[in-house]
Structure formats: C-alpha cells, structure tokens
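Participant: prediction below, plus the sequence it came from.
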Amino acid sequence: MTPLLSRRGFVALSGSFHAVAFATRAIAAASNKGQSGLVTLSLEASESSTLIGGQQALLQTFNGIVPGPALHARPGDTVQIDFHNSLGEPTNLHFHGLHIPPTGAADNSFRIVPDGESFAYDFTLPHSHSGGTFWIHPHVHQSAARQVSRGLAMPLIIHGELDEIPEIQSAQDFLLVLQDFNLSPDGLPIEPSNMERMTGREGSLITVSGQLNPTIPIPQDGWVRLRLINASSSRFYRLQMEEHTLYKIASDGGALPQPQAMDELLLVPGERAELMIQGSRPPGAYRLLNLPYDRGGTGMMGARGNGSAAAASSTLLRLAYDGKASQLVSLPSRLVSIDLLPPPSRIRTFTLGQGMGSMQRGMSFTINGRSFDHRRIDTQVKLNDIEDWDFVNLMSMDHPMHIHTNPFQVIGPDGAPIPEWKDVVLVPARSRVRVRSAFRDFAGLAMYHCHILDHEDMGMMGIVQFKD
Ligand code: C2O
Ligand code: CU
Ligand code: CU
C-alpha cells in the first residue's frame, strides 16, 4: 500500500446535503417502476439554461437537467424511450455498455435523429444481461465531443445479482456522474482550440452529478457505495479517498468476483466503477481527491498536451461522518462469478496513430492508418467467435479504447484473461494492450473507437460487422 494522504481537509459538517438528496433521489426514483418488465421514458434533448456546479449555464440537456435522469431496469426488461430532439442540430442516443442489438430501434449509433424529429428507441435486455452501471450519450460522428461536453449524459442502472448481496445492500448507494465544463463567466460553453481538440478538450469546472464538491454522509463503521461514471469527453480521473481504502466491487460490465482493495482508482472516459468505502476512521470529513495525471500530448510543435491541466489535485466531494452504523458489516469475500473466455480463434491488430488529413479538415486520428468512414466496414467477425484484439498505441498520448455491443476481458501480463467485464480499456502512450471478446448474439454493424471523444470525432473509430 502506498501511504495515504494526510487529512488536511477536516471541515465542520456545515456543507449542503442537497447533493446527497439529488444522488439519492436519482437512485430511489426509478426503483419504483412496476413489476411489468416495461421501462418507459419520455426524453427530450434541448438547449436549456440549467444549474451546474452552483452556476447558471446554457447547456445541452436531457429533460432540462445535467446529468440527465437516471434510468433503472432489470435483465429481461423492455426499455422504450420516446426521444425527441429539440437541440437545434442532429443527435441520437447510444446505450454505452449494453449487450443489445446494434441495429433497428436498439443501440443503433448509425441512426441520426434530425433536429425537430422524434425516434422511439425500443429494446429488450437479455435475461442473461449482467447488472451494472451503464450510461447513455449521443453518438453523432464529429458532434460527440461537443454534445457530451455540453452535458448530454445520463446513467442507466441495471439491477442484478450484486444488488441482492445483503452486505452491499446495507450501504447507501450514490450515483456519481463525473463531468467537466469549460464555461465563460456568463455560463456559455467555450469551444476548444484545434490544439485542445487534438489532446482532447477538458473543462475547468468539474462536477459530480451536477454539483460542485458535494457532501456525502457515511455512518461510522458503516459503508457507502459509490457508482462512478466518467461522462467527461476527455478528462481522466485519478481518484483517492483521504485515509480510506477503496473497495472496487464492479467495473464497466458489472460485478467483480471479489472486492478489490485499492488506494487509488484511475477512471478514463466512458469507464464506470463501483466502490465501497467503510467509515472506519475517526469522525470528520474527508476529501475524494482527483490526483494529477498526464495523458500525454501530440508531441507536435512542442505542444505539451494537457500537461498544465494535469498538474494540480482537486477535491471532487467530501465524505462526512454522520451517525453510527447499528451493526458492523464486513464485505463478503465472494461477489459474483465470472467465466473466463477460452483462447481465441483469431488475433487482430489495431494500430492507433495520426494522419495529416485534408487541408481543410486538418489533423486526423487513425486506426490501422485510416480515419473513420461511415460507408466502410473495417473489420468482420463471425458471430460467437472468440477473438483477441491488440490495440497498439504508437503515439505519445493515451487512448482509452471502447468497443460497442460486446464486453471484453483484458489479457493480463501472464497471457491469461482478467476476470472482469470491461468495455473501455486504457491503451497508454507507446504501449500495447490485448483484449478478448466473444461477439455474441447480435448480428449487424457496430463501432469501436477512442473514448476521448475529440479523437473519435477526428477519425479514431472503425466499424465492425458481426456476421451470422
Ligand atoms: Cu460511450 Cu461509442 O461510446
Ligand atoms: Cu459505447
Ligand atoms: Cu484517443
């Protein structure tokens, strides 16, 4: 264990608890859907003046709020979203991490909803779908970074096995959507420069479920459960809780086989994690810190990438001791079992790089030397085949790579798959990462891309066809 930071941030319990109410309401509201197996939502994307981090801003919102409302469902449920686009520009919905068809009215990122039009998203979650923390965001090529960075993101919680474990249930559940905004003093979003787009835009205002530095209560000796979603377009979060161990119980695609104790957690764009924290310290308030992280730069024209933004730590929220747990609960050593994927029938290589693009379009990002083209199928895999995909990063900046429709297992240094379902994997600068997937159930076209959304918009995306 690396030494934990000293507790400099001891504060009186004066903070506002309305962030807590917000997070709790978001969680509680949807659990009271009926037993019908049908989850319906009427959802409008529009530009609205809304409160973000305590200030008024003109953002792109789902149903007028940032982040959008949390949707809750169970495996086997049918989800129907009556979506209307009032944004003033084309948009759509992508169901990040869900194992549902990439076609029709389901997770069809190719379908664009023009301004002023509606679309009825409609899909059924497989009964075998794992529970977990997922999310919804727009996916229009060349607008994804702008729309997500202006607020369009909403959680989608699928309740599953993990939620039935009594020790986990004993913890209060908080849904924490991490977003960053770059706003003018009068609350208007500032568009990034070309250089900022190249490294991936970051905003100086960091919010947690729309709040600035909220306070979360924890009973002494009791537990809280944090469901984290990195819904920022580029920012990485390196999280550390002062004087507290983080117990990771779930990642992108749901529960881990056992709780994993850690001092810090790196959460890259698109990633999710669920953490348990125990109120095991003297009563007080402790900070959840976002530590510096350098994700590299283009190395062009002497640019240092986001070096300056990465230099300082900040506080994301405060954990404030409040009351005492009625009984001492310890985490179970086993959570949910995960079958390891067998060896692959094929290995493919995806090399991440950059190209000069055309004169007007400027810099581009590439996979295997090519920028995204919506008319080109880059990769064909046979349905239900197991493959290893090697992401090879030749650049001096990190790329978090994401694959739609099917989660994967990362291959560890020993050559064996790690028992954890992921859909985003960090491929650090000048390195190689291998993932294994079993492209199950759904034929059709889907995308894989860098989840630094500016990179996706600049071409670091390809199309995979799952063939029957
Ligand atoms: Cu969260 Cu294709 O993205
Ligand atoms: Cu996705
Ligand atoms: Cu990238």
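Facilitator: Done, it's in. Ligands and ions are numbered 1, 2, ... in the order given.
Participant: the stretch 251-400 of the chain: strands as residue ranges?
Facilitator: In the stretch 251-400 of the chain, the strands defined using DSSP state E, counting those that start in this stretch lie at 254-262, 265-267, 272-278, 285-290, 314-324, 346-355, 364-367, 379-382, 386-393, 399-403.
Participant: please state the offset of the helix or strand harbouring residue 175 from the chain centre?
Facilitator: Using DSSP states H and E, residue 175 sits within strand 172-181. Mean-position distance between strand 172-181 and its chain equals 10 Å (Cα atoms, centre = their mean, to the nearest Å).
Participant: get me the contact residues on the stretch 251-400 of the chain for ligand 1.
Facilitator: residue 270 (Cβ under 6 Å from any ligand atom). C-betas here are computed from N, CA, C, even on glycine.
Participant: okay, now the residue of the stretch 251-400 of the chain found nearest ligand 1: neighbour count?
Facilitator: Nearest residue of the stretch 251-400 of the chain to ligand 1 (Cβ to the nearest ligand atom) works out as residue 270 at 4.6 Å. Residues within reach of residue 270, counting by other Cβ atoms under 10 Å, total 27.
Participant: distance of it relative to residue 446?
Facilitator: According to Cβ to Cβ, to the nearest Å, residue 270 and residue 446 sit 15 Å apart.
Participant: now the strand or helix carrying residue 39 - C-alpha only, PDB.
Facilitator: According to DSSP H and E, residue 39 maps onto strand 38-52. Provided in PDB are the C-alpha atoms of strand 38-52 (Å, rounded to 0.1, in the frame of the first residue of the first chain):
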ATOM      1  CA  LEU A  38     -41.500  -2.500 -19.100                       C
ATOM      2  CA  VAL A  39     -39.500   0.700 -18.500                       C
ATOM      3  CA  THR A  40     -40.700   3.700 -20.400                       C
ATOM      4  CA  LEU A  41     -39.300   7.200 -20.500                       C
ATOM      5  CA  SER A  42     -40.100  10.300 -22.500                       C
ATOM      6  CA  LEU A  43     -36.800  12.100 -23.200                       C
ATOM      7  CA  GLU A  44     -36.100  15.400 -24.800                       C
ATOM      8  CA  ALA A  45     -32.700  16.700 -25.800                       C
ATOM      9  CA  SER A  46     -32.700  20.500 -25.800                       C
ATOM     10  CA  GLU A  47     -30.500  23.500 -25.100                       C
ATOM     11  CA  SER A  48     -31.600  24.800 -21.700                       C
ATOM     12  CA  SER A  49     -30.400  27.200 -19.100                       C
ATOM     13  CA  THR A  50     -29.700  24.900 -16.100                       C
ATOM     14  CA  LEU A  51     -27.800  25.000 -12.800                       C
ATOM     15  CA  ILE A  52     -24.400  23.300 -13.000                       C
END
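Participant: start at 10 instead
Facilitator: Sounds good: first residue 10 from here, last item strand 47-61.
Participant: would you mark the buried spots in that strand?
Facilitator: Buried residues in strand 47-61, counted by 16 or more other Cβ atoms under 10 Å: 48, 50, 52-54, 56-57, 59, 61.
Participant: residues contacting it, please?
Facilitator: Strand 47-61 is contacted from outside by 42, 65-75, 77-78, 80-82, 86-97, 100, 102, 147, 160-161, 190, 192, 196, 214, 216, 219, using Cβ atoms under 8 Å, 6 or more residues apart in numbering.
Participant: are any of those residues buried, and which?
Facilitator: 42, 66-71, 74-75, 77-78, 80-82, 86, 88-90, 92, 94, 96, 100, 102, 147, 160-161, 190, 192, 196, 216, 219.
Participant: which ones among those residues are found in strands?
Facilitator: 66-71, 80-82, 88-90, 92, 94, 190, 216 (DSSP state E).
Participant: out of those residues, which is nearest to residue 151?
Facilitator: residue 69 (15.3 Å; Cβ to Cβ).
Participant: ok, the closest one - contacts?
Facilitator: Contacts for residue 69 (Cβ under 8 Å, 6+ apart) come out as 54-56, 96, 156, 159-161.
Participant: got it, and residue 297?
Facilitator: For residue 297, the contacting residues are 248-251, 324-328, by Cβ under 8 Å, 6+ apart.
Participant: out of the buried residues of strand 47-61, which are close to ligand 1?
Facilitator: Counting by Cβ under 6 Å from any ligand atom, no member of the buried residues of strand 47-61 reaches ligand 1.
Participant: got those as JSON lines, with pLDDT columns?
Facilitator: Shown next, in JSON lines, are the buried residues of strand 47-61 (pLDDT from 0 to 100):
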{"residue": "48", "pLDDT": "96"}
{"residue": "50", "pLDDT": "97"}
{"residue": "52", "pLDDT": "98"}
{"residue": "53", "pLDDT": "98"}
{"residue": "54", "pLDDT": "98"}
{"residue": "56", "pLDDT": "98"}
{"residue": "57", "pLDDT": "98"}
{"residue": "59", "pLDDT": "97"}
{"residue": "61", "pLDDT": "97"}
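Participant: what about the residue in the stretch 210-359 of the chain positioned nearest to ligand 3? Give its phi and psi, please.
Facilitator: Nearest to ligand 3 in the stretch 210-359 of the chain, going by Cβ to the ion, is residue 243, at a distance of 8.3 Å. Main-chain dihedrals, residue 243, degrees, to the nearest 10: phi -140, psi -20.
Participant: confirm for me that it is in contact with residue 277.
Facilitator: No - counting by Cβ atoms under 8 Å, residue 243 does not reach residue 277; the two are 9.4 Å apart.
Participant: between those two, which is the more surrounded one?
Facilitator: Legend: neighbour count by other Cβ under 10 Å for residue 243 and residue 277, higher for residue 243 (29 against 25).
Participant: thought residue 469 was touching residue 408, still the case?
Facilitator: Yes - with contact defined as Cβ under 8 Å, residue 408 reaches residue 469; the gap is 6.9 Å.
Participant: overlap in contacts, the two.
Facilitator: In contact with both residue 408 and residue 469: 361, 459, using Cβ under 8 Å, 6+ apart.
Participant: on that earlier part again, now do the strand holding residue 48: distance to the chain's middle.
Facilitator: Strand 47-61 sits 19 Å away from the centroid of its parent chain (Cα atoms, centre = their mean).
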